[in-house]
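Undergrad: model the structure of this input:
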Amino acid sequence: MKNKNIKLLVIEDSPSDAELLSSLLKRVNEINFDIAHSTDLGGGMKKIDSDNVDVVILDLGLPDSFGITTYETLRAHSPKLPIIIITGNDDREMLAEAMNKGADNYLIKDAFDGNRVAVAILAAMRNKPSA
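TA: Below you'll find the predicted structure:
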């Protein structure tokens, strides 16, 4: 039985990666994820402005932004919103930089399941002060 509702925004340019993430999260029994998706940073920031988003999963390689700048732009736009980085490459230096700049967690594509993502989301939300 699902007993918690979380509004999640996935900012990811790959529709198949976003669908995989959504599919994995639907298998988590304890949490109901209301998942919105944007394929670029600009669209994602508009969704944050118009929706009541609880947490963001952010790909760093988007059509309108790339690398650590993607994270910095979103953090400046939404300073208190929990942000989890998702990346297809295992660039530890860039991930460490994102964490040092305030990212709440990170996930490596191909190295997680729904429960791992759910735990990362819950930890990110717990550790952020409310808006």
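Undergrad: report the contact partners of the nearest residue to L24 once chain neighbours are set aside.
TA: In this structure, L24 finds its nearest non-sequential neighbour in G114, 3.6 Å apart by C-beta to C-beta, 6 or more residues apart in numbering. Heads up, the C-betas are built off the backbone N, CA and C, glycines and all. Counting by C-beta atoms under 8 Å, 6 or more residues apart in numbering, G114 touches 24-28.
Undergrad: with V56 instead?
TA: Neighbours of V56 in contact, by C-beta under 8 Å, 6+ apart: 8-11, 44, 48, 74, 78, 81-84.
Undergrad: which of those residues fall within helices?
TA: 44, 48, 74 (DSSP state H).
Undergrad: I'd say the last one and L41 touch.
TA: Yep, that's L74 we're talking about. Yes. The pair L74 and L41 qualifies as a contact (C-beta atoms under 8 Å) at a distance of 6.6 Å.
Undergrad: which neighbours do these two share?
TA: By C-beta under 8 Å, 6+ apart, the residues touching both L74 and L41 are I11.
Undergrad: flag the shaky bits of this structure, pLDDT-wise.
TA: For the chain, the stretches with pLDDT under 70 are 1-2, 129-131.
Undergrad: where is the longest helix in it?
TA: Longest helix of the chain, by residue count under DSSP H: helix 114-127.
Undergrad: for it, buried residues please.
TA: For helix 114-127, burial by neighbour count (16 or more other C-beta atoms under 10 Å) applies to 114, 117-118, 120-122, 124-125.
Undergrad: out of the residues you listed, which is nearest to K101?
TA: A124 (14.5 Å; C-beta to C-beta).
Undergrad: ok, that closest one - contacts?
TA: A124 touches 55, 82-84, 104-105, counting by C-beta under 8 Å, 6+ apart.
Undergrad: do you know how far it is from P82?
TA: Remark: distance between A124 and P82 (C-beta to C-beta, to the nearest Å) = 4 Å.
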